[in-house]
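Asker: Take a look and give me a structure for this.
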Amino acid sequence: MNFRGYKLHVIAAACLLSVLLGLGVRHMVYSSRVAGPLERDFALIPGVARAAVQQRGRDTEIVLELEPVHDLQRLYKEADALRAARLPEGTSHLIIKDRRTEELTAVYRRIHFAVYEGAATGMFTRMAAIIDDMAAGLPADVLVSVDGRFIYVQIVSGDDYLYEIVPLARWLAGDPREGGGRL
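Answerer: Numbers count the residues shown, from 1 in each chain. This next block holds a predicted model:
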């Protein structure tokens, strides 16, 4: 079809090709200048086996595949500090990948009510006592730690491990910019 001497299908094809080429170049630049260096920096954190940066609309997901770690709290804080330093606040989050099994998931299901009760009430000593009692008869090692923002759960059995990071209730955690919780 022609319009004033121009072939419309050729113009439409050229516009589509230009848009696709622009998106391809944008993706290549993002991968080489943003995602690649971020993945390398996250992979340098001790305990991180692999890191992947994935763009989901305006949100950036940093997927960290972890090795067995002794201090999940330290690793997560270090990764979160790197995320906050390199990416705008509110546009990114960390996703932790572990090596969980059905057995470890069943152990977590047994203790997760106590974990979430601790996160909601701030009664961490009670939470720890309940988890210690439950863990005594379980086929895995359970380690739970707490800071001003999260409860960190590590469940280990042999070469398998499950990591969960549970946020504290907002009234407990407070505003992280103000320096912690309001207990």
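
Asker: correct me, but Asp147 touches Lys77?
Answerer: Yes. When contacts are counted by C-beta atoms under 8 Å, Asp147 is listed as touching Lys77 (7.5 Å). For glycine as for every other residue, the C-beta is placed from the backbone atoms N, C-alpha and C.

Asker: A strand includes His93, no?
Answerer: Yes. Counting by DSSP: H, G, I helix; E, B strand; the rest coil, His93 is part of a strand.

Asker: So it versus Thr60, what's the distance?
Answerer: Spatial separation of His93 from Thr60 under the definition C-beta to C-beta, to the nearest Å is 8 Å.

Asker: Looking at those two now, which is surrounded by more residues?
Answerer: Thr60 (19 against 13; other C-beta atoms under 10 Å).

Asker: Just give the nearest non-adjacent residue to that one, would you?
Answerer: Distance criterion C-beta to C-beta, 6 or more residues apart in numbering; nearest residue to Thr60, sequence neighbours excluded, is Ser92 at 4.0 Å.

Asker: which residues touch that neighbour?
Answerer: Each residue near Ser92 by C-beta atoms under 8 Å, 6 or more residues apart in numbering is listed here: 59-62, 83.

Asker: how about 10 Å then?
Answerer: Residues touching Ser92, when contacts are defined by C-beta atoms under 10 Å, 6 or more residues apart in numbering, comprise 38, 53, 55-56, 58-62, 80, 83-84, 86.

Asker: From the residues you listed, which land in helices?
Answerer: Secondary structure from DSSP state H places 38, 80, 83-84, 86 of the contacts of Ser92 in helices.
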